[in-house]
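In: Need coordinates for the below:
(2 chains)
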Amino acid sequence: MINIEIDGKQIQTENGSTVIEAAHSAGITIPHFCYHKKLSIAANCRMCLVQVEKAPKPLPACATPVAEGMKVFTHSEQAVKAQKGVMEFLLINHPLDCPICDQGGECTLQDMSIGYGGGHSRYHEEKRMVLSKDIGPLVSAEEMSRCINCTRCVRFGQEIGGQMELGQAFRGEHAEILSFVSGAVNSELSGNMIDLCPVGALTSKPFRYKARSWELSRRRSVSAHDSLGSNLAVQTKNNRVLRVLPIENEDINECWLSDRDRFAYEGLNTADRLTKPMVKQDGKWLEVEWQVALEYAANGLRQISEEAGVEQVGALATANSTLEELYLLQKLMRGIGSQNVDFRLRQSDFSSDSKQQGAPWLGMSVADISRADRFLIVGSFLRKDHPLLAARIRLAVKKGAQANIIHSADDDLLMKVANKGIVAPDAMVETLTQVSKALMAEKQGAQNTSGEAAAIAKSLAGGQHVAVLLGNFAQQHPQAAQLQALAQQIAALSNGKFGFFGEAANSVGGYLAQATPGAKGLNAASMLANPRKAYVLLNVEPELDCADPQQAIASIKTADTVIVLSAYKHSAMEYADVLLPIAPFTETSGTFVSTEGRVQSFKGAVKPLGEARPAWKVLRVLGNLLKLDGFNQDTSEAVRDETLKDIDVTARLNNAIGGVEAKPSPAASGLQRVSDVPIYATDAVVRRSAPLQATSDAAPPKAWMHSEELKKLGLQAGTAAKISQGQGSVNLLAEVDDKLPRGVVRVATGHTATAALGAMFGTITVERA
Amino acid sequence: MKNLINFFKSFLLLEFLKGFSVTGHYFFARHITVEYPEEKTPQSFRFRGLHAQRRYPNGEERCIGCKLCEAVCPALAIKIEVAEREDGTRRTTQYDIDLVKCIFCGFCEESCPVDAIVETRIYEYHGEKRGDLYYTKPMLLAIGDKYEEQIAKDRAADAKYR
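Out: Presented below is the predicted three-dimensional model:
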């Protein structure tokens, strides 16, 4: 610790920190633009000039390290004169038309110019003009003349986003921020540049001219689109969500937000929102009162369970549903005597259910990821599935951690990957077994090992804090239980921790809410493999959310009664019997349990649209109509407290698995499917967000193959190919990805273009179209 | 004694004459009331009456939808919605003033960076039914178009004091 004095205040600060950090920690503000605590120091705006005793000139506080006995004056005559001078220079080229600027009212430059700007301008010459740029559907760079060249956006891209998509070109007065060859900013974290930009140069395109910051009311919320549980400020006006911003939480999302969380709100009030309960009669949809629809649903359930047996009723929910919704759904099902309830719709291997001790979770806190020094990431489209966790791992790797990857695709993770084993899905168990064996050999002091597995083992053995993490792909894998057991083994051998990247907002919460079938019931896969007579679907779009869309749709279409609780009119119009409009996460209160087991409750930000109602209320009334006990909760908090009453959340989180033996499967014949859920196809709201759907990440799915596979099939890159699986086939463009292993075709799921296909894993045929 | 004085006062009609002298004074003095509506009092160029939205000489509306008037309005009488026009400029899609709420403080005019919203000298307007005094953007622009000459003259007269 070092003692310094700022404005006469004695401050103790850490050696190596800068003057601006010391001042901020002591509550003294120093004006600044280019400095940001999460980014590297550029010291190019010069706004933070302060006077330091014995220094001949003012020094930039952001780039001046503290020294013992230093005396700093932030408001002395010299300092203020320097700051005012800098402000005058900044305003020379900055347009002074704040009233038409979208940043007006929340602009750092505007605020600072109140304190440091002059009352009039001494500059009468022509101002610099920078042409506007189109950098994609999310970030607007319409008014680049407003840029003050602080380079925060550039540094964000380099340091946090992992790829430099914006850069500063030219010098002096001609300096400007430009995008590179691609022209667009495609990063899945690009929205953070909007927050970082201290002026109105980079603004939100969907929010452009929609509202002023002072008109918006803020509500705290939690992200519903991935398992991190990012803290959100949902900003509303006239009962409509107009913008979503991050709320800083150092342990979760720091000060960032992924584009998916930031722009998904555009999908909330689309034309296909379901706003009135609907009942199908004689093949026609009728809008009816809630009472009618609910009684219709209750009667349907009662009838099927009396006539065909209660085991003929199955309930499916997505893991994006809140804890309360999942809890009441399973309570309803168990109340009528059925155990058939599940929320793990994309999972295909349920053999771990009886062998697992608790709810699978991250296995560590999110903050622990930053502290790990060796990673083994198995089966994860990391950047697209978990954008902010990927950014955390990227930073850890920058600080010296080693990332090892075992996966069936080799997407650019924008970080240095130490070792990677890119194998076909059916070889994943084998590869992981080899790593485990190599690790054992490594521990016994084996020398002269070679091969990828040995390299991974060597990397893991050299670490102090090892993290073995299973991604969405590994959880959806047909041998998921074996992968879990192997990960456990590897973590134990390397004295590390192992865990899962939760697939959706409430992947852990679903277990806590007991929305799993238990020993007697049917899980999601068997409910759809053995068609039931009645289905209750909560938030589910079967053709997009299930592991095997073909089978899911076929089974649901044969059912006598299908009760759909959905916020949208989707393909359910074809097979449902009653549609109950429910509220998406911004319109209901609820709770999400993040992948690290953090229980976060939130309130509704706006009133439900039309006659939609929070799903927990709908389920509660449905329980009453079925005359079940324990459906008298008045608030979602009461439901939450009931759900978690006898549960010690930390004790329930347990990845340990026993009694699973890793049996590498025989190599499959023919081509295998590798399927990812594209980043903007994960849930119903995201799929309807127009700006997200306009990004390059939401491009129509293609059939990606190694060039040799393509040659074998006699196809050419860029031509149409007929992809078939089971009964269905679709025509997609064939494309080359030489980083894929041989014998696989990568075809995305969760997209309408591939909804006719079958399971996410397994054989698939590709022919010339 | 007191009774005696009162007797003479009323006997000589003193109180009556006193009152009559006031009436007489005003009868012969210069008249300050005007015969409205035939006559009207003179107005300051800063008179704050009915609102108007102005245009530039080329016909382009001045308002840029910055919403400062909406923010400053103490009576919350102004409602604005903004969107991007086809040419990329920031324009209002809705600009309503509820004259029932308005207290004619002139803050909207004061806050306007482009002199788009102004208060004119017009005070002779009325509404016959509920909602008549809810002025929308086309109405405000029409007033501006009609009285632009006067408005411009008033702004010019006031300019040197600003």
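
In: where exactly do the helices run in chain B?
Out: Secondary structure of chain B, counting by DSSP state H: helices at B:2-11, B:14-28, B:68-72, B:107-111, B:137-159.

In: What residues of the last one count as buried?
Out: Neighbour counts over helix B:137-159 (16 or more other CB atoms under 10 Å in any protein chain shown) mark B:137, B:139-141, B:143-144, B:147-148, B:151, B:154 as buried. The way it works is simple: take the backbone N, C-alpha and C, and place the C-beta from them, glycine included.

In: Would you mind listing what in chain B touches chain A?
Out: B:64-68, B:71, B:82-84, B:88-90, B:113-114 (CB under 8 Å from any CB of the partner chain).

In: if you set the cut-off to 7 Å instead, what comes out?
Out: B:64, B:66-68, B:71, B:82-84, B:90, B:113 (CB under 7 Å from any CB of the partner chain).

In: Just flag the most distant two among the buried residues of helix B:137-159.
Out: The most widely separated members of those, counting by CB to CB, are B:Lys137 and B:Asp154 (21.6 Å).

In: so who does the residue of chain A found nearest chain B touch?
Out: Nearest residue of chain A to chain B (CB to the nearest CB) works out as A:Pro99 at 3.3 Å. By CB atoms under 7 Å, 6 or more residues apart in numbering or on different chains, the contact list for A:Pro99 reads B:64, B:66, B:68, B:113.

In: Need the max-distance pair from those residues.
Out: Farthest-apart pair in the contacts of A:Pro99 is B:Ile64 and B:Leu68; separation 9.9 Å (CB to CB).

In: Compare neighbour counts for these two and give me the winner.
Out: Remark: of B:Ile64 and B:Leu68, B:Leu68 carries more neighbours, 22 against 19, as counted by other CB atoms under 10 Å in any protein chain shown.

In: Can you give me every residue that contacts the nearest residue to that one once chain neighbours are set aside?
Out: Leaving aside its sequence neighbours, B:Leu68 sits nearest to B:Ser111 (CB to CB, 6 or more residues apart in numbering or on different chains; 4.4 Å). Contacts of B:Ser111 were listed using CB under 7 Å, 6+ apart, and they are B:68-69, B:72.

In: just those now: which is nearest chain A?
Out: Of these, the one sitting nearest to chain A (CB to the nearest CB) turns out to be B:Leu68, at 6.4 Å.

In: so how far is A:Glu215 from that closest one?
Out: For B:Leu68, the distance to A:Glu215 equals 12 Å [CB to CB, to the nearest Å].

In: per-residue pLDDT, the spatially most central residue of chain B?
Out: The centroid of chain B falls nearest to B:Gly49 when counting by CA atoms, centre = their mean (1.8 Å). Model confidence at B:Gly49, given as pLDDT, is 95.

In: Kindly provide the distance from the closest residue to it other than its chain neighbours to chain A.
Out: Spatial nearest neighbour of B:Gly49, chain neighbours left out: B:Tyr123 (4.3 Å); criterion: CB to CB, 6+ apart. Distance of B:Tyr123 to chain A, given as CB to the nearest CB, to the nearest Å: 29 Å.

In: Let me know whether B:Tyr123 touches B:Arg48 as I believe.
Out: No - using CB atoms under 7 Å as the test, B:Tyr123 is too far from B:Arg48 to be in contact (9.1 Å).

In: Looking at those two, which is more packed in?
Out: Legend: neighbour count by other CB under 10 Å for B:Tyr123 and B:Arg48, higher for B:Arg48 (18 against 13).

In: got a list of what that one touches?
Out: When contacts are counted by CB under 7 Å, 6+ apart, B:Arg48 touches B:104, B:106, B:119.

In: what's the following helix or strand after the helix or strand hosting A:Gln672?
Out: Using DSSP states H and E, A:Gln672 sits in strand A:671-674. Once the chain leaves strand A:671-674, the next helix or strand it forms, by DSSP H and E, is helix A:684-687.

In: List the contacts of A:Gln103.
Out: A:199-200, A:203 are the contacts of A:Gln103 under CB under 7 Å, 6+ apart.

In: Please list which of the residues you listed also come close to chain B.
Out: Intersecting the contacts of A:Gln103 with the surroundings of chain B, defined as CB under 7 Å from any CB, gives nothing.

In: In strands only, show me the residues you listed.
Out: Mapping the contacts of A:Gln103 onto strands (DSSP state E) picks out A:Thr203.

In: now the contacts of A:Gln103 in a markdown table, with pLDDT?
Out: Compiled in a markdown table, those are given as follows (pLDDT from 0 to 100):
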| residue | pLDDT |
| --- | --- |
| A:Val199 | 96 |
| A:Gly200 | 95 |
| A:Thr203 | 96 |
